[in-house]
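Novice: Provided below for reference: sequence and predicted model.
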Amino acid sequence: MLVTALFVVRTRDLLAATMLLGAYSLLSAGMFMVLDAVDVAFTEAAVGAGVSTILMLYALVASGRFERTPTRPQWLPLLVVLATGAALVWGTFDLPPVGAPGNPVHQHVAPRYLQQSGAEIGIPNVVTSVLASYRGYDTLGETAVVFTAGLGVWLLIGGLQRRGAAAPVLASAPHANLILRVVSKFLIPVILLFGLYVQFHGELGPGGGFQAGVILASALIVHLQVFGADQTRQIVPESLLRVLAPLGVLLYGGTGVAGLLLGGNYLDYHPLGRTPVGGQHLGILLVELGVALTVSSTMLLLCYLFAARVARR
Amino acid sequence: MSAHAQLLIVLLPLLAAPLAALMRTPDAAWALATAIAWSVLSLALLLLLQVQAEGVLSYAIGGWAAPWGIEYRLDPLGALLQLLLAAVAAAILPWTRQSAARELERARLPGFYAALLLLQAGLLGIVATGDAFNVFVFLEISSLSTYALIAMGRDRRALTAAFRYLILGTLGATFYLIGVGLLYALTGTLNMADLAARLPAVADTRTAHTAVVFVTVGLGLKLAMFPLHAWLPNAYAYAPSAVTALLAATATKVALYVLVRFVWTIFGAEFAFGAIPLAALLGVLAVLGMLIASAVAVRQDEVKRLLAWSSVAQIGYALAGLALASGAGLAAALLHLANHGLMKGALFLALGNIAWRFGNTRLSTLRGLGRAMPWTMAAFVAGGLSLVGVPLTVGFVSKWALLQAALAAGAWWLVGAIALASLLALAYVWRVVEVAYFEASESRDLRCEAPLGLLLPTWLLVLANLWLGIDTRWTLGLAEAAARALAGAGL
Amino acid sequence: MSSLGLYNYWIVIALMMVGLYAVIARGHLVKKLIGLTLFQTAVFFLYISMGFVHGGAAPILSEGVAVYSNPLPHVLILTAIVVGVATTALGLALVVRIREAYGSVDEDELERMDSDA
Amino acid sequence: MTWLQLLATLLLGAGSLLLLLAGIGLLRFPHFYARLHAAAVVDTLAAALFLAGLGCLFGATLGTVKLGLILLFLLFTSPTACHALARAAWVSGLREPAQPGEPPPSPS
């Protein structure tokens, strides 16, 4: 991990740096697995290694691959970094050791999630129950962050009348990558199916709105890479995406408002169903759907915008 | 419905933003944004009355009790900030319609208004929440929308300014995240009130000290404290005028609010000022900020950058008030926070009128504007006087409160710094006034005043500046109530 | 895994500093964003290693398992990862626009162009 | 140590050995296309060995079915990825020298 990170910083060739960053994300996903953080590993692999690598590649195609040798003095940043690092290391001396069950972290708030979430919310995956219900408002804020990013990127590089067909990065001639087309024709439905599985499996095992959203988006990004942006736009037009992204946030917020109107506090799922636990199930399902809607449409929209901008040059 | 007012004030702009993005025509999006801004103002007033009646309001989101679920807490300090945010936004949004229509492309306007709503929702969310991690989430919402809004400026330098602000802002947010993480490791909770209760037990550990330092540095980056202010001048100078006005009046204030919240509510005065020399550190940086930023402001030839540098100096004033570590100092800092929001709002709107008419705000363009745009320049002069702190203006009230607090705390160095900085402020305001009124310019003797739609909001803010300068019952009373709530018997 | 004590945190801090160094020292805008991502990923490790419990299983309630790792840091980090990617996406969009407006993505050249423009 | 676990350790050991060899191959081979062969080995055979080994450990549960699906998915994606890499290199005019001494043929 450390060596990969060091090499990412040292290398001049940005393409290698991006690829190594993807490898670094996969390694960190592995480390998260070792530290029992299954959902986080899933998300880091899907979002960290997948989407950000694709976006960086698009940016690199637009901005050239190699980096100039640094001209500024290198010792000042090194000094700042060493000082911050020393402060942090000095700060960790009184931290309880890693992994000790007696840590204050495990005494105060967490035990209730572990013991009562089974009864109160009734789904095995405690992380999803905390994510969607106990701290559901954080996740609403986070969906708004994803929507803001999509809106911001659209404001910056969107709304462009593309001159001529947007040539995909790979396929220069239609018959050129026959093998890729055939295999991807077979793979895309499987990826979409897997995405839906992750979406609805989120309550039992690792999974949930974000991971599902990214996987659904990646299926269509494969299509975009292989068949070219124009054909993908015919299947999923950009205007549809710009409607779906806000709808996801509204669906999430609306579920909360429904709880409000039915008598509970905001984002309280109890009144939604006949029984409180049933309400929780319905609430979490709707909320995860809203998240998946926003995340998948925003990720795909980002790829459309970057592809259109890159192809224009 | 009033029981949910505490939440609706954040939820309305948050859910209105996707709606605004879906709108086809810019006017519909603008109408929605203005309606939301005005309803948020009424909610802020309602909440203020509720807080004055019942003291601290608490709202458990999702029906889960405090440390487990996320809790919204509103105390007099939060109510004061929300009122400032709502009032400034309600004044600026009607003004935005004509200014944005001229500065931005028509296709991007619905998105622009959606981003403005998200910025407002983010800022209101930070002030309303009682959960440390929720502050980070809403900090990111407001920051991301700010980066996008700044980058929409016409000048290409807006892009580099937005990128630099993105890098520094994200570093600041991540430093804040490290600080909250360390606090979580020590106490096991994220709820601010719970954190305040459990922190004294672990307060003397080195980790707690590091956490305080990291939270302060992180927020210092966000509120452009003196050495960490590199992003502010360019960001405010090249952003669209409406965005600069809104940011200058609210964004840095909210970051300062979070710092006050952490120092006074979570760490508690004796820990924050006793164990770590925070008071001395903030005091030195504030004074340096005041003097150097004002000095640089005098030499600027682009009036928007001049006012941006003056904003860095004014934040120095508020930090100096905070650094006095006394109840009076806190009240003065909060008062200056609110007053500075009004002052800068009025000044940037006046500049926006000029930019609307001439497209840029260089000092040379302002030559002879005293006669050409009398109302706008009159508004600018009123705002400038208030900035300097001339009696009968709101600036004077906050400077006077700061001086009193400094004298009470025996901080002579601060009294001298305030006097010197005010002189510098007089210098750079006078420089603009001199160019506008006394330098004749032949090409512009015809009267080309900005349209009524732009003038009314500007003068609304200027009148607020003057009226609150005279009748200080509102601002001074609220600031002292907030300070009393935080500092307890400190007053 | 044997009790790592504080050793785990020091590795995390080393990773953070590598990321921070890349953000501050390198001039190339995309390299800065890569450094930012490294820095944020390291902070995520800080949170997750706080919530780790020896011998605890992943926080998915299944019969026969008594000790679980702490789910709260996982929720926080799920939010932080998505926030990180959102910031990177916006940063990359800015890089594309800066490249078109200035023709270069190196900070020193940009400053030179700004100062004389 | 039932015979199933013995078989699993054997398979996993063979898989990791193969990975090591492929790693060394990646470093030592002279030019791009040879290195591609080494990389291809990892994706197909080593992955199959690993998944089979894990399958033995899991026994006949849902986990093994999932492992089988992963294997199927890998068998489709990794050769295609290698193909795409090779094709992209070929299209961009990279030609491997026939012998170390001979000049590389002009790009056809």
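Specialist: Right, received. Where do you want to start? Computed from a prediction, not measured in an experiment: that's the story for all the values here.

Novice: can you pull out the helices in the chain?
Specialist: Assuming you mean chain A. Counting by DSSP state H, chain A forms helices over residues A:2-10, A:14-34, A:38-43, A:52-63, A:75-91, A:104-107, A:110-120, A:126-129, A:136-157, A:178-201, A:209-227, A:229-235, A:238-261, A:276-312, given from the N-terminal end onward.

Novice: that's the other chain; I wanted chain D
Specialist: With helices called from DSSP H, chain D shows them at D:3-28, D:32-41, D:47-58, D:62-91.

Novice: got it, and chain C?
Specialist: In chain order, chain C shows helices spanning C:7-25, C:29-51, C:71-102, C:107-116, with DSSP H as the criterion.

Novice: any idea how far the shortest one is from the chain center?
Specialist: Mean C-alpha position of helix C:107-116 versus that of the full chain (Cα atoms, centre = their mean, to the nearest Å) differs by 28 Å.

Novice: Equivalent analysis for stretch A:122-137, please.
Specialist: Going by Cα atoms, centre = their mean, where stretch A:122-137 is centred and where its chain is centred differ by 18 Å.

Novice: which non-adjacent residue is nearest residue B:134?
Specialist: Counting by Cβ to Cβ, 6 or more residues apart in numbering or on different chains, residue B:134 lies nearest to residue B:70, which is 5.4 Å off, once chain neighbours are set aside. Using the backbone N, CA and C atoms, a C-beta is placed for each residue, glycine as well.

Novice: show me the contacts for that neighbour.
Specialist: With contacts defined as Cβ atoms under 8 Å, 6 or more residues apart in numbering or on different chains, residue B:70 is in contact with A:135, A:137, A:138, B:60, B:61, B:62, B:64, B:129, B:130, B:131, B:134.

Novice: what's the answer for residue C:102, then?
Specialist: Listed by Cβ under 8 Å, 6+ apart, the contact partners of residue C:102 are B:156, B:159, B:160, C:109, C:110, C:113.

Novice: ok, now residue B:426?
Specialist: residue B:388.

Novice: Following the chain onward from the strand or helix carrying it, which element is next?
Specialist: Residue B:426 is located in helix B:412-438, with elements delineated by DSSP states H and E. In the C-terminal direction, the helix or strand that comes right after helix B:412-438 (DSSP H and E) is helix B:452-470.

Novice: quick one: average pLDDT of that next one?
Specialist: Taken as a whole, helix B:452-470 has a mean pLDDT of 80.

Novice: That helix packs against which elements?
Specialist: helix B:76-103, helix B:327-358, helix B:374-388, helix B:394-408 (3 or more Cβ pairs under 8 Å, 6 or more residues apart in numbering or on different chains; DSSP states H and E).

Novice: Nearest approach to residue A:111 belongs to which of those helices?
Specialist: Proximity to residue A:111 (Cβ to Cβ) singles out helix B:76-103 among those, at 30.5 Å.

Novice: contacting residues for the closest residue in space to residue C:24 that isn't next to it in sequence?
Specialist: With Cβ to Cβ, 6+ apart as the criterion, residue C:24 has its nearest non-adjacent residue at 3.9 Å, and that residue is residue A:77. Taking Cβ under 8 Å, 6+ apart as the contact definition, residue A:77 lies against C:21, C:24, C:25.

Novice: Identify the residue nearest the geometric centre of chain A.
Specialist: Centroid check for chain A by Cα atoms, centre = their mean gives residue A:47 as the closest residue, at 3.9 Å.

Novice: Is residue B:24 in a helix, a strand, or coil?
Specialist: Three states are possible here, and by DSSP: H, G, I helix; E, B strand; the rest coil the one that applies to residue B:24 is coil.

Novice: now the helix holding residue B:426: how far from the chain's centre is it?
Specialist: On the basis of Cα atoms, centre = their mean, the separation between the geometric centre of helix B:412-438 and that of its chain is 21 Å.

Novice: What mean pLDDT does it get?
Specialist: Per-residue confidence for helix B:412-438 averages out to 83 on the pLDDT scale.

Novice: List the buried residues of it.
Specialist: Of the residues in helix B:412-438, those with enough neighbours to count as buried (16 or more other Cβ atoms under 10 Å in any protein chain shown) are B:414, B:417-418, B:421-422, B:424-426, B:428-429, B:431-433, B:435-437.

Novice: Sketch out the low-pLDDT regions of the chain for me.
Specialist: Going with chain A. Applying pLDDT under 70 to the predicted model, the residue ranges of chain A that meet it are A:65-73, A:159-176, A:312-313.

Novice: Wait, chain D was what I had in mind.
Specialist: Per-residue confidence of chain D (counting by pLDDT under 70) places the weak regions at D:1, D:97-108.

Novice: Pick out the residue nearest the middle of it.
Specialist: Nearest to the centroid of the C-alpha atoms of chain D, with distances taken as Cα atoms, centre = their mean, sits residue D:42, at 2.1 Å.

Novice: Spatially central, which residue of chain C would that be?
Specialist: Nearest residue to the geometric centre of chain C (Cα atoms, centre = their mean): residue C:40, 1.7 Å.

Novice: ok, how many other residues are close to the closest residue to that residue other than its chain neighbours?
Specialist: With sequence-adjacent residues excluded and distances taken as Cβ to Cβ, 6+ apart, residue C:40 is closest to residue C:84, at 4.4 Å. By the other Cβ atoms under 10 Å in any protein chain shown criterion, the neighbourhood of residue C:84 contains 26 residues.

Novice: Format the helices of chain A as JSON lines; extra columns: distance to residue D:26.
Specialist: JSON lines is the format used below for the helices of chain A (distance: least, Cβ to Cβ, whole Å):
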{"stretch": "helix A:2-10", "distance to residue D:26": "15"}
{"stretch": "helix A:14-34", "distance to residue D:26": "13"}
{"stretch": "helix A:38-43", "distance to residue D:26": "26"}
{"stretch": "helix A:52-63", "distance to residue D:26": "20"}
{"stretch": "helix A:75-91", "distance to residue D:26": "32"}
{"stretch": "helix A:104-107", "distance to residue D:26": "42"}
{"stretch": "helix A:110-120", "distance to residue D:26": "44"}
{"stretch": "helix A:126-129", "distance to residue D:26": "37"}
{"stretch": "helix A:136-157", "distance to residue D:26": "36"}
{"stretch": "helix A:178-201", "distance to residue D:26": "23"}
{"stretch": "helix A:209-227", "distance to residue D:26": "25"}
{"stretch": "helix A:229-235", "distance to residue D:26": "34"}
{"stretch": "helix A:238-261", "distance to residue D:26": "40"}
{"stretch": "helix A:276-312", "distance to residue D:26": "30"}
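
Novice: Looking at chain C, which residue is nearest chain B?
Specialist: residue C:101 (4.1 Å; Cβ to the nearest Cβ).

Novice: ok, that residue touching residue B:159?
Specialist: Yes: at 5.7 Å, residue C:101 and residue B:159 qualify as touching, with contact defined as Cβ atoms under 8 Å.

Novice: who has more neighbours, these two?
Specialist: Taking neighbours as other Cβ under 10 Å, residue C:101 and residue B:159 compare with residue B:159 leading, 25 against 16.

Novice: and that one, what does it touch?
Specialist: Taking Cβ under 8 Å, 6+ apart as the contact definition, residue B:159 lies against B:151, C:94, C:97, C:98, C:101, C:102.

Novice: want to try JSON lines for the residues you listed, with pLDDT as columns?
Specialist: Shown next, in JSON lines, are the contacts of residue B:159 (pLDDT from 0 to 100):
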{"residue": "B:151", "pLDDT": "89"}
{"residue": "C:94", "pLDDT": "90"}
{"residue": "C:97", "pLDDT": "87"}
{"residue": "C:98", "pLDDT": "87"}
{"residue": "C:101", "pLDDT": "84"}
{"residue": "C:102", "pLDDT": "82"}
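
Novice: And those, which is closest to residue B:478?
Specialist: Comparing those against residue B:478 with Cβ to Cβ picks out residue B:151 as the nearest, at 35.3 Å.
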